[in-house]
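> The sequence and its predicted three-dimensional model are supplied below.
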Amino acid sequence: MVRHTASIGSQKFTLALLLLVNAVFCLTESQIENFRRDGYLYVPRFFEVSDTAFRDLLLAKAELIRQQQQKSATDGSFFSVIETGMVFGNSDQTCDAEEQSVNNVRQAFRDIALRSSLVEASAQLMEIDRETETMRLLRDVFLVKPVQTETYCDWHVDDLSFWPQSFVSSRSNSHRDGVYLSSGINVWLGMDDMPIERGGSMAVARGSHMAQWRFDAHRAIGQDRTIDTNLTKDGLAEYLTTVAVTNSTCGISKSDPLTREKIEESKVTFDIHKGDVIFADRELFHRTIATTEEGRQQYLAENVQSLSRYSIRYVAGSSRLPLGFSLEPSIVTNSANSGRALDDVVESDSDMWCPEVWPDLPEDIDSVLEEMGRTRLAEAKAMVATTIQEFSAILKKMKTQS
């Protein structure tokens with residue numbers, strides 16, 4: 001097992017690797033080569049707490065947590081947040097004062113996901129061809145977990161519900177001049193300090209994106225990543241009541257403990273500080289790390305109630321949405337988008353579900369995403385809610401019949 005810790009000299013180490021040439025962010029060839037081989041790149045102190053954009057993001061985090069804590073106190077729910085689409089305008093606010101607060105929050109997330117050096121770094125790691133390709137934001141997720149929770153998701157690669165990109169999309173398992181090309185980047189941005197000994201952050205399996213055992217691991221978590229999944233609503237319900245019962249996304253410890261042991265041998269953990277970033281290949285196996293009993297006590301003693309991270313998924317514009325039944329908003333609102341390349345979705349649908357972030361960010365992107373949140377996203381949420389009700393009825397019927 002490998003442990004990444006940030007020492008006193010980590011800032012000097014980071015600066016030695018990160019070059020600024022003519023004010024354009026550049027990774028070194030060594031970093032890019034390490035990413036190809038290992039499937040991840042860890043950059044401590046990518047953002048300093050004093051950086052304006054990151055400081056605004058931390059303020060936005062505090063505001064979202066405050067709102068969620070108020071909600072939890074009202075309805076008695078257990079405080080936890082997994083919120084997608086942070087770059088879009090919010091469709092749930094009615095009070096003008098609250099709306100302004102929400103707009104400030106959304107802008108903070110947009111500035112990080114759309115305008116920060118994360119974009120340029122991800123484009124370089126994916127080796128996007130500026131002349132022939134685009135890079136788009138597929139999905140962004142703000143995650144907050146209470147330090148008291150002992151639950152975690154075991155070794156996995158994100159399924160289609162969490163990463164709506166076809167398994168056999170344009171860049172899947174592809175190479176250029178014999179060099180591996182990433183099909184997507186998951187940027188994992190730490191928003192709290194998460195020391196290794198306390199737990200609460202993430203582990204990755206070095207080189208798992210190309211490991212021979214990855215096919216066994218895929219089967220163990222119910223994914224056949226060699227085909228273009230194309231399940232109907234009934235087909236997905238049947239899958240969830242049969243295959244997924246024993247081969248769930250987070251259940252490899254039960255479905256294939258031997259392969260899990262192989263993954264553990266390549267485990268890498270991180271001593272996360274605010275502003276640290278892990279760039280992970282879309283195909284890399286990873287898992288969350290539960291807080292330890294001692295860690296929970298230490299967090300609570302410091303009045304740290306929860307741990308936050310921001311996950312940003314960048315993919316090539318030629319990547320395709322999955323075929324078949326999906327709760328992906330761009331598909332729910334227009335079934336013709338099923339299986340379409342992201343570039344074509346924007347071209348055909350005129351909606352900015354997956355905005356281009358590189359090489360060109362549209363000048364009116366903020367106003368477009370605000371409007372999307374108020375209109376199309378609101379429409380999509382209503383349609384998704386109805387679809388979930390229908391799907392739940394089918395699922396209940398199949399469970400009764402089985």
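Alright, I've got the coordinates.
> CA only for contacts and neighbour counts going forward, please
OK.
> who's in contact with stretch 293-310?
61, 140-148, 187-192, 194, 197-200 (C-alpha atoms under 8 Å, 6 or more residues apart in numbering).
> let's go with 6 Å and repeat that
The contact list for stretch 293-310, computed with C-alpha atoms under 6 Å, 6 or more residues apart in numbering, reads 141-147, 188-192, 198.
> nearest to Thr387, of those residues?
When the contacts of stretch 293-310 are compared for distance to Thr387 (C-alpha to C-alpha), Val141 wins out at 21.7 Å.
> Can you pull the phi/psi pair for the most centrally placed residue in the chain?
Nearest to the geometric centre of the chain sits Ser311, at 4.0 Å (C-alpha atoms, centre = their mean). Ser311 has phi and psi values of phi -110, psi 130 when expressed as degrees, to the nearest 10.
> nearest spatial neighbour of Ile196, skipping sequence neighbours?
Asp271 (4.9 Å; C-alpha to C-alpha, 6 or more residues apart in numbering).
> Could you verify that Ala53 is part of a helix?
Yes. Ala53 forms part of a helix when assessed by DSSP: H, G, I helix; E, B strand; the rest coil.
> Tell me the pLDDT of it.
On pLDDT, Ala53 comes in at 96.
> related to what we said a few turns ago, let me know how buried the residue nearest to Ile196 is, in neighbour terms.
For Asp271, the neighbour count with other C-alpha atoms under 10 Å is 20.
> In this structure it contacts Arg198, no?
No. In this structure, Asp271 is not within contact of Arg198 by C-alpha atoms under 6 Å, at 9.5 Å.
> Any stretches of the stretch 51-200 of the chain with poor pLDDT?
Per-residue confidence of the stretch 51-200 of the chain (counting by pLDDT under 70) places the weak regions at 72-80, 90-102, 170-178.
> any chance you could map the strands in the stretch 151-300 of the chain?
Assigned by DSSP state E, counting those that start in this stretch, the stretch 151-300 of the chain shows strands spanning 174-176, 179-181, 185-190, 202-205, 267-270, 277-281, 286-288.
> what does the average pLDDT come to for the last one?
It stands for strand 286-288. Strand 286-288 comes out at a mean pLDDT of 95.
> sorry, back to before: can I get the contacts of stretch 293-310 in TSV with neighbour count and distance to Leu160?
Below are these laid out as TSV (neighbours: other C-alpha atoms under 10 Å; distance: C-alpha to C-alpha, whole Å):
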residue	neighbour count	distance to Leu160
Val141	20	14
Phe142	19	18
Leu143	18	18
Val144	21	21
Lys145	21	22
Pro146	18	26
Val147	23	27
Trp188	21	18
Leu189	25	22
Gly190	25	24
Met191	23	26
Asp192	19	28
Arg198	21	31
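> What about those residues, which are in helices?
Judged by DSSP state H, helices contain none of the contacts of stretch 293-310.
> Can you tell me which of those residues is closest to Ser255?
Of all these, Lys145 has the smallest distance to Ser255: 25.8 Å, by C-alpha to C-alpha.
> Show me what the closest one bridges to in the sheet.
Leu307 (DSSP bridges).
> Please tell me how far it sits from Gly339.
From Lys145 across to Gly339, the span is 33 Å (C-alpha to C-alpha, to the nearest Å).
> before we move on, what about Lys61?
Relative to Gly339, and taking C-alpha to C-alpha, Lys61 is found at 34 Å.
> mind saving the C-alpha coords of stretch 329-349 as PDB?
Extracted in PDB, the C-alpha atoms of stretch 329-349 (Å, rounded to 0.1, in the frame of the first residue of the first chain):
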ATOM      1  CA  PRO A 329     -31.700  14.900 -17.400                       C
ATOM      2  CA  SER A 330     -30.600  15.400 -21.000                       C
ATOM      3  CA  ILE A 331     -32.100  12.000 -21.900                       C
ATOM      4  CA  VAL A 332     -35.200  12.300 -19.700                       C
ATOM      5  CA  THR A 333     -36.100  15.600 -21.400                       C
ATOM      6  CA  ASN A 334     -35.300  14.400 -24.900                       C
ATOM      7  CA  SER A 335     -35.100  10.600 -25.500                       C
ATOM      8  CA  ALA A 336     -33.400  11.300 -28.800                       C
ATOM      9  CA  ASN A 337     -30.300  12.200 -26.900                       C
ATOM     10  CA  SER A 338     -29.800   8.600 -25.800                       C
ATOM     11  CA  GLY A 339     -26.500   7.400 -27.300                       C
ATOM     12  CA  ARG A 340     -25.700  10.800 -28.800                       C
ATOM     13  CA  ALA A 341     -22.200  12.300 -28.600                       C
ATOM     14  CA  LEU A 342     -22.100  15.200 -26.200                       C
ATOM     15  CA  ASP A 343     -21.100  17.600 -29.000                       C
ATOM     16  CA  ASP A 344     -24.200  16.500 -30.900                       C
ATOM     17  CA  VAL A 345     -26.500  16.900 -27.900                       C
ATOM     18  CA  VAL A 346     -25.600  20.500 -27.600                       C
ATOM     19  CA  GLU A 347     -25.800  21.000 -31.400                       C
ATOM     20  CA  SER A 348     -29.100  19.200 -31.800                       C
ATOM     21  CA  ASP A 349     -30.900  20.000 -28.600                       C
END
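> which residues sit against it?
Under the contact criterion C-alpha under 6 Å, 6+ apart, stretch 329-349 has outside partners Gly317, Ser318, Ser319, Arg320, Leu321, Pro322, Leu323, Met352, Ala380.
> Alright, calling it a day.
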